[in-house]
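> structure for the following, please:
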Amino acid sequence: MRRFWIALLLVLGLSATCLGDSAPLAPVGPHVQPLDSTTVRLAEERIEIFLRRDTRHDDRLSTSAVGEYRIWFRFEPEADEEMMVGFPLFIFDPEQAIFGAHIENLRVEIDGREVATEVRESAVHQDADAGPVNWAVFPVTFRAGQPLEMVVSYTMNVLPYGKGYDAPLWVAYVLRTGAHWAGTIGRAEAVLAMDRPIRAEDIRSEENPFRITTPGWVLEDGALRWVWEDVEPDFDIHVVLENPYWRDMGVEIREMLQAGIADPAALTAVIEATRSLAEAGNMGMNSSLRDGSLPGEAADRLLPDVLAAAESFLAEHPDDDEVRVQYLLLLRETSLPLVWESADWVWRVRSEDHLALFLREAVARGMTDRLYVQRWRPWAEEELAGYPWRPETQDAIAAFLTEVMPGTFASEDAARAWVEANAGEALTPERADRLAAGAVRRAATAGSGAAQPPAADPADRPSPPAGETPAPGAAEPTDAGAQRGWAPAVGVAVGAVLLLALGTVVVRRRHRSDGEARKG
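Below you'll find the predicted structure:
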């Protein structure tokens, strides 16, 4: 009997979820050489993928998913063969834009019995910049004339692919490596379902710069299905969906508000999701939601009720800082945001009421550091010069500047220069003089040798990105910064091994502190 390695090669994209099919090739460990053929035929294969919303971080309105994978094989060997079957737990292949993700909850069954897997380290690095890869391996014995069934199941993260809030979900399965088994695959079936019905309008099936869903699908009962008979595949399976979680977000927020929200985690999710809609509108995103409205329009309709829910909760729970921070960030995004207009970023006054309330609360609660506004001065921007700020807004700006003012100045001239740079033309001469007098007092008590902290300059303006819908908020800070941002990179490579694997997108929620430095 012959012994050789079969690899189940996981093909993963940083933003794509990739599975690989079977092929009796490729060494897995050191000093192991593959044979160039096998008598084992893959008679039947069924790939089942189920996507459910990722709520592991208490994000009830997450746009990411967890993929549950179950791949069933039926083999028909013509001769006795023993194999060590394995697949990598991580893939790194920059040439194919594969940057990897780890599988979890791995389970292998052979003829109905669970098989223990051993994790081994590959002797060969996949790339000079990457370390050795861990492989899960297990023995399989084929007997001539005795069909063998194998089931491999696991879970992986599926994150949106791209930089926008409306980035699609992309799942791929590398089917072409199944052609390396003896003969053809008698029957191959693939099914992809979600925790909500997939709709025809969510399936990308027309040519565009991005990948499209593999043709031949049928939408039945809210699930995608493909069937191939007697096939020697030279293609792979791709599923590209307009993100249903994003498209349904406005409707889901409204439903949660109507049901009443008493749980702080649910309220935080609603506030953050509403802010995401507002940010998407400010970025100029024009892809419509499920009800046909644009993200900014949906945010405008939801905003009064969301703010009311937050204020009611905070009245009863004044010490809940997490809800308060998200509430204040929503006020900020809907008061004086940076907006993409006419191929440039500009500051636009949406609501002076929200601005004044945001500034007053940030000062009163001592949250200027946590809200990333130490250098936020949009009222000093050129496009807002001469704007007729209301008295209560001017008072809030002056109080805010007093709060973030350096503790000492090197000279009176430096103190006055700081006030001029940070207040711009937002304050009346009387208010500006009072603010300058307070700054001068800090210079008078600093002493001749005191060092002057750097002045807080007006916010730097971000450079417009190359695309038509740039996203300044893609790096905007938030306490939940790692949950909703996006980074593209995808690759579906060909695995020449018994591959039952899935790849997934890495990255979505955004680390925003760099962008906040641009904004503030």
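> where does the prediction get shaky in the stretch 1-150 of the chain?
By pLDDT under 70, the low-scoring segments of the stretch 1-150 of the chain are 1-37, 87-102, 122-133.
> what do you get for the chain?
1-37, 87-102, 122-133, 174, 176-180, 207-210, 445-520.
> what's the domain layout of it?
2-243+490-513, 377-458 (automatic domain parsing).
> now find how far off-centre the shortest one is within its chain.
Between the mean C-alpha point of domain 377-458 and the mean C-alpha point of its chain there is a distance of 38 Å (C-alpha atoms, centre = their mean, to the nearest Å).
> one more: stretch 282-298?
Its chain's C-alpha centre and that of stretch 282-298 lie 19 Å apart, by C-alpha atoms, centre = their mean.
> also stretch 347-367?
Relative to the centre of its chain, stretch 347-367 is centred 28 Å away, using C-alpha atoms, centre = their mean.
> and that stretch, what's buried?
Buried residues in stretch 347-367, counted by 16 or more other C-beta atoms under 10 Å: 347, 349-350, 352, 354-359, 361-363, 367. For the C-beta atoms, the positions are set from N, CA and C on the backbone; glycine is no exception.
> swap in stretch 265-274?
Ala266, Leu267, Thr268, Ala269, Val270, Ile271, Glu272, Ala273, Thr274.
> mind putting those into a markdown table with distance to Phe409 and secondary structure?
Putting the buried residues of stretch 265-274 into a markdown table (distance: C-beta to C-beta, whole Å; DSSP: H, G, I helix; E, B strand; the rest coil) gives the following:
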| residue | distance to Phe409 | secondary structure |
| --- | --- | --- |
| Ala266 | 46 | helix |
| Leu267 | 42 | helix |
| Thr268 | 39 | helix |
| Ala269 | 43 | helix |
| Val270 | 43 | helix |
| Ile271 | 38 | helix |
| Glu272 | 38 | helix |
| Ala273 | 43 | helix |
| Thr274 | 40 | helix |
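> out of the buried residues of stretch 347-367, list just those in helices.
Among the buried residues of stretch 347-367, DSSP state H puts Glu352, His354, Leu355, Ala356, Leu357, Phe358, Leu359, Glu361, Ala362, Val363 in helices.
> my read is that the third one contacts Leu336, right?
Yes - Leu355 lies in contact with Leu336 (C-beta atoms under 8 Å); the separation is 5.2 Å.
> tally of neighbours for Pro378?
Neighbours of Pro378 under the rule other C-beta atoms under 10 Å: 22.
> would you list the phi and psi of it?
phi -60, psi -30 (degrees, to the nearest 10).
> what of Leu289?
When read as degrees, to the nearest 10, the backbone of Leu289 gives phi -90, psi -170.
> for the nearest residue to it once chain neighbours are set aside, give me its contacts.
Once flanking residues are discounted, Leu289 sits nearest to Gly250: 4.9 Å by C-beta to C-beta, 6 or more residues apart in numbering. Applying C-beta atoms under 8 Å, 6 or more residues apart in numbering to Gly250 gives the contacts Leu277, Leu289, Arg290, Asp291, Ser293, Pro295, Ala298, Arg301, Leu302.
> what's the fourth one in contact with, if anything?
Okay, so that is Asp291. Under the criterion of C-beta under 8 Å, 6+ apart, the contact list for Asp291 reads Gly250, Val251, Ala298.
> what of the third one?
Contacts were defined as C-beta under 8 Å, 6+ apart; by that measure Arg290 touches Arg247, Asp248, Gly250, Val251.
> could you check how far it is from Glu272?
Distance, Arg290 to Glu272, using C-beta to C-beta, to the nearest Å: 19 Å.
> just the fifth one next, same as before
In this view, Ser293 and Glu272 are 19 Å apart by C-beta to C-beta.
> check the fourth one too.
Per C-beta to C-beta, Asp291 is found 20 Å from Glu272.
> nothing else from me, thank you.
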